[in-house]
Structures are given as C-alpha cells and as structure tokens.
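K.L.:
The following block contains a protein sequence and its predicted model.
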Amino acid sequence: MINKGDYSFLAAKGKTLDFVVFYENLAKEKTGSTADGWTSAIKHLKKHTGGSLPIANLNRPFCEGFKKYLLSNFSNNTASTYFNKFRAALREAYTSDPQFLTIDLSALIEAIPEEDTQVEYLTTEELQAAINTPFPELPVMKSAAIFSALTSLRWSDIKKLTWSEIQSNEASGYHIALITKKNKKAPVLPIPKSAVSIELIGERKRPEDLVFPGLTKSTENNNKMRTNWLNAAGITKHITFHSFRHTWGTLQRERGTDLYVQSKMMTHSNLKTTQIYSEIRNHAYIAAARRMDNFDLSALKSEKIMTAHIHINYPDILSDSDRCYHCLNYWGELKCFAFPNRIPTEILTGDITHDKPLPGQSNNIVFEYEKKAGA
C-alpha cells in the first residue's frame, strides 16, 4: 500500500492530480518480470491518453474505453494482463493514504477473462535439431533461446544476466543467483552444466559483463529471423522466445519432475500456473500408448472371445488411491492441491475418505471426481 510521504504529489494542494504519475510511481516498487509487465501496461495507457490522465477524467466510462482499446490492439490474454495491472493500480489508488480515489473503480469494472491457449514447445528431438542448425544472422538469439530451454529463465532475466550471477560450488553445482533490489539474498536456481558450456555462452568474462550482450526488445520480437532458423531445423510450429521456457517446463514434466519443485524453479507464484505442464504431459502419455498400436491382431479373429458387459458405478469400487487419480485436484506422485507435500497415508489406504477437509488441513480442497476418458 502507498503511504503518505511516499508520493508527495498526492497531498499537494491546488495541483491537478494525474493518475499516470501515480501509476508510474507505483510501478517503481515492482521488480523483475513483474516490473516489465507494469512498464508495458503504463506505456499503452500513455498511448491511449496522450501521456496524462487528470483525476477528473478517471471514471467508469474511461475504464471501459481503455478496455476496448486494449482488446482492439492486442490478443485477448495480453489485453487481460495489461488491464489487470490497470485495475490493480486503481485499487491501490483507492486504498492509498492519502486517498487518491474516493471510489473503488476496480470493483466497478470487470476484468478481461483469459482464454485457454495452446502452449507451444519443442520436443527433445526438435530442441536438438534447433541446436544443430546454424543461425549466423543472429547467434545471440540462438544462444539465449537454448539457454532458456535449458534453465527455464525468462527473457527479462536473460537479457540482464551478468557473469557474476552464474556461480558454482561443490554443494550446489552450477547455479544462478538472481540478485534483485527487492531480494538482497539471491534465490539460487540450479542449472545444468551444459547451460554454461563454452559452446553455448563462450568464455567467462568480467563479473559485471552481460552474458548475452546485444539482446534487445527487437531481438526478442524478430519473429521472421527466428522462424527462418527453426524452419531450417524442420520445425514449423509457431515458436516465440517464451516457447523455449515452455520447453523446459514440458520436458521436465515428461521426465517426472515433481510439480512443486518445478513450480519453485520456474518462480511461479501460483501452483496452478505450473499445472498446465501436467496437461501437456497427459498428451505424452497418450502418445506412449499409441506406440503399442503396431501389432497385427488379425489372428485373434478365429478365436471365440466372450466379453461380459458389466455396468458398475465406477467411483464406488475404487480404492482410495485410485480415487485420488480420478480427482480433479490430483497432480500425480501421491500429491494434490489439498496436500502438496504428500497425500496422507490414511487416505491412500482407504481408512478415511476425503469428502470434507481433514482436521488441520491448510485449505478447504476436497475430493472432486473427474471421469477420465474411457472410464
């Protein structure tokens, strides 16, 4: 929350209050990828308003007009992200001291609902093909993209990564210590040895030097050159730079990495964000099953096979661990949203059901039956 004294312009008498100025000062408190999102949202608010927004002009019709502007200029989910930042700033303006807005406009305008999107990523074979395919036009883009696929780092972290942040010791091996203004004690992100190979990032330089010099916003958005490189590797999917981070997430799930561990390594604030990679993993299961379709079963036609058609209430006969598998909240590896560390043994053994929260449970999540395909 903004406190009196942080932004003296709020209390200045006889001065026209400008929401854009308030918004910009609020954004200065953000760090990392969050700060990038707020900065982008402010840029488009400025473009829509001409650079300023007097308090007298900030009302519900303006907010709805800004929503329409975003939807007409961006994809639905990008517009949703920008508008959520705008609504957060409106809420902060209402709760600030001194109060910037006397009406909570954020409660009067609806958010832009996000749409389900197809997450594009590279398979193991495609990633190797991309590594093997030369990209002489913009080698720094290729190195940064492969680095993202090997480490899960976002563009915003990669472009400012310095050699001092790439460290190693006997206990942690190779790791990245992402130092931010907000977090003086840097979180440690373990990375594979391949990510720091000379072939990928070159010889180590001075601690203050950038690992990937020359990365700019135009580099990230140079879709044509990136597409040409990937097409040369035989990859025709619509791959953005962020798709390489999705590649890390997807390949980790396919290799059985614990969802909670993966969420922490990807610095997701909400475990449900990481859940999307479990859905992708299900496709991998389907593909694995289909690899058993190449057997010739025609010889069985002459045999008399009796098939009994028995109709049962499937959930009622499941052992409880099976019921967990059929729960909407189940991740796998005996963990779920209700019990992210491990499902209690008494539930797994069927001694108790989980139709209501257990004593001491930190949330109210219970068993919800999800009928699986073919069940």
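P.N.:
Perfect, thanks for sending it.
K.L.:
all contacts plus neighbour counts: C-alpha atoms, from now on.
P.N.:
Will do.
K.L.:
and Leu150, how many neighbours?
P.N.:
Leu150 has 22 neighbouring residues, counting by other Cα atoms under 10 Å.
K.L.:
Quick check: next helix or strand after the host helix or strand of it?
P.N.:
If you go by DSSP states H and E, Leu150 is part of helix 139-151. Tracing the chain past helix 139-151, the next element assigned as helix or strand by DSSP H and E is helix 155-158.
K.L.:
helices and strands around the helix holding Leu150, which ones?
P.N.:
Counting contacts by 3 or more Cα pairs under 8 Å, 6 or more residues apart in numbering; DSSP states H and E, helix 139-151 packs against helix 155-158, helix 198-201, helix 242-254.
K.L.:
chain center to the longest one, what's the gap?
P.N.:
The reference is to helix 242-254. Distance, stretch centre to chain centre, for helix 242-254: 10 Å (Cα atoms, centre = their mean, to the nearest Å).
K.L.:
Can you get me the start-to-end distance on stretch 339-351?
P.N.:
17 Å (Cα to Cα, to the nearest Å).
K.L.:
Quick check: buried residues in it?
P.N.:
Phe339, Ile343, Ile347, Leu348 (16 or more other Cα atoms under 10 Å).
K.L.:
what residues does the helix holding Leu150 touch?
P.N.:
With Cα atoms under 8 Å, 6 or more residues apart in numbering as the contact definition, helix 139-151 has outside contacts at 131, 135, 153-155, 158, 191-192, 194-195, 200-201, 212-215, 219-220, 241, 244-248.
K.L.:
one more time with 7 Å
P.N.:
Residues from elsewhere that reach helix 139-151, judged by Cα atoms under 7 Å, 6 or more residues apart in numbering: 135, 154, 191, 195, 200-201, 212, 219, 241, 244-245, 247-248.
K.L.:
With respect to Glu120, which of the helices and strands packed on helix 139-151 lies nearest?
P.N.:
Closest to Glu120 of the helices and strands packed on helix 139-151 is helix 242-254 (Cα to Cα; 5.8 Å).
K.L.:
Packing partners of the closest one?
P.N.:
Helix 242-254 makes packing contacts with helix 139-151, helix 271-290 when contacts are defined by 3 or more Cα pairs under 7 Å, 6 or more residues apart in numbering; DSSP states H and E.
K.L.:
Of these, which shows the lowest average pLDDT?
P.N.:
The stretch with the lowest mean pLDDT among the helices and strands packed on helix 242-254 is helix 271-290, at a mean of 60.
K.L.:
okay, and the helix or strand of this protein with the least pLDDT?
P.N.:
helix 314-317 (a mean of 37; mean pLDDT, DSSP states H and E).
K.L.:
Give me the domain ranges for this structure.
P.N.:
Here the domain parsing of the chain from automatic domain parsing is 8-108, 124-280, 307-375.
K.L.:
Distance to Glu114 added to those, as TSV?
P.N.:
Converted to TSV, these look like this (distance: least, Cα to Cα, whole Å):
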stretch	distance to Glu114
domain 8-108	5
domain 124-280	13
domain 307-375	20
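K.L.:
mean pLDDT lowest for which of the ones you listed?
P.N.:
Mean pLDDT per stretch puts domain 307-375 lowest among the domains of the chain, at a mean of 66.
K.L.:
quick revisit: among the domains of the chain, which is nearest Glu115?
P.N.:
Judged by Cα to Cα, the one of those that comes nearest to Glu115 is domain 8-108, at 6.4 Å.
K.L.:
Turn the contacts of helix 139-151 into CSV, columns for neighbour count.
P.N.:
Output for the contacts of helix 139-151, formatted as CSV (neighbours: other Cα atoms under 10 Å):
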residue, neighbour count
Phe135, 19
Arg154, 23
Ile191, 22
Ala195, 19
Leu200, 17
Ile201, 17
Phe212, 18
Thr219, 15
Phe241, 22
Phe244, 27
Arg245, 25
Thr247, 24
Trp248, 25
